[in-house]
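Student: Kindly return the folded structure for what I paste below:
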Amino acid sequence: MDAPLSGQLVHLADKGNLILVVRDAREKGTDKRPTITLEEDDVEAMDFILSNIHCKGSRINDDFTALAIVDIAVQSDKYDCNDALTSWIRLWCDPDRFPVSNASQVRDMGYGLLAAYLFRSPKLVAMSGKYVRKLPSDFAISWKSYKHMSRLPSIVRDTLTREITTAQSKIRLQVLSTLTELLGHDDWWPSGNPDAEGTPPRSCAAQYIEALARLNIWPSLLPFETHSAEDLTCIIHTLPPFLNNEDILRDALHNLYYDAYAIKDGMEGVSLALALGADSEGGDNGSDESAESDSGQSSSTSHW
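Tutor: Predicted coordinates for the structure are as follows:
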């Protein structure tokens, strides 16, 4: 990408290189503005950034995908342009407004966190706190294949993974504790007569186990190792229609749902300070230059 250099753009690239470019132009006595070639940069992202700096609103498209926002964040971080994009960053780093598509939810939530990190937004903790409840336990594996995601510090992925596995374990324990509670009422049977086939009423524990099996979370407990906390909570919420409306069952399921919801609601995100601290301490930020080879960046010219 070639962009004519103006005084407003001195801070956009390595100052040492820019000083040499400007000095060379002055020595040659040319009136033409010096041009710096940015061959490795994303053209559309830089076009957006420069349009904001030069107040060329007619060149700005406000319909952004999660990837487009991350492309801009990468360039903004590279050239220290976050101050020039303050209003956009405030919009994009709102956890309720970042564009997350239903078809690519795991990927786009990852892009949301990466954008917040690169933009140095304190909303990273709010965004990650919301997304961690919706992420499955294997999210980090899929993130490895997505463009730019290697830039996200590993401490962010590791912290979210711990939150997810801890919540899954706690919800599983509550499901089993509910079964133990109902087994303690084995001497209590729901009121009612045998059905038309002469089958006697079943115990509360038997009804509970059957309902879990119909939702595919019994006898295998694998969903408690793979599903997101939000999905598990939704599954538990669907249990009552499968069961008789008996006091013991109703109370037990009410408590189970309340406990599962509290566990999900108590999951915490990752603060910007923690993410930046990993960088300042020289920790692994997950960066892998080879992983950026799929960026699809091309050397093009944008005229200003």
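Student: Show me what the mean pLDDT comes to for stretch 96-108.
Tutor: In this model, stretch 96-108 has an average pLDDT of 96.
Student: Equivalent analysis for stretch 247-254, please.
Tutor: The average pLDDT within stretch 247-254 is 87.
Student: so where's the protein uncertain?
Tutor: In the predicted model, the chain carries pLDDT under 70 at residues 1-39, 56-62, 186-201, 242-245, 278-304.
Student: can you pull out the helices in it?
Tutor: Assigned helices in the chain, in chain order: 15-27, 43-53, 66-79, 86-92, 105-118, 124-131, 139-143, 154-183, 204-214, 223-226, 229-237, 247-265, 272-280 (criterion: DSSP state H).
Student: any idea which of the ones you listed is most buried?
Tutor: Among the helices of the chain, ranked by average contacts under mean count of other C-beta atoms under 10 Å, first place goes to helix 105-118 (a mean of 25). Backbone N, C-alpha and C define where each C-beta goes, glycine included.
Student: helices or strands next to it in the packing?
Tutor: When contacts are defined as 3 or more C-beta pairs under 8 Å, 6 or more residues apart in numbering; DSSP states H and E, helix 105-118 packs onto helix 66-79, helix 124-131, helix 139-143, helix 272-280.
Student: between it and helix 154-183, how many degrees?
Tutor: Going by axes from the mean of the first three to the mean of the last three C-alpha atoms, to 10 degrees, helix 105-118 is angled at 130 degrees with respect to helix 154-183.
Student: the inter-axis angle of helix 105-118 versus helix 124-131?
Tutor: Calculated by the same axes, to 10 degrees, helix 105-118 forms an angle of 170 degrees with helix 124-131.
Student: So Arg120 versus Leu113, what's the distance?
Tutor: According to C-beta to C-beta, to the nearest Å, Arg120 and Leu113 sit 13 Å apart.
Student: Of all the helices and strands packed on helix 105-118, which one comes closest to Ile155?
Tutor: For Ile155, the closest of the helices and strands packed on helix 105-118 is helix 272-280, at 4.2 Å, according to C-beta to C-beta.
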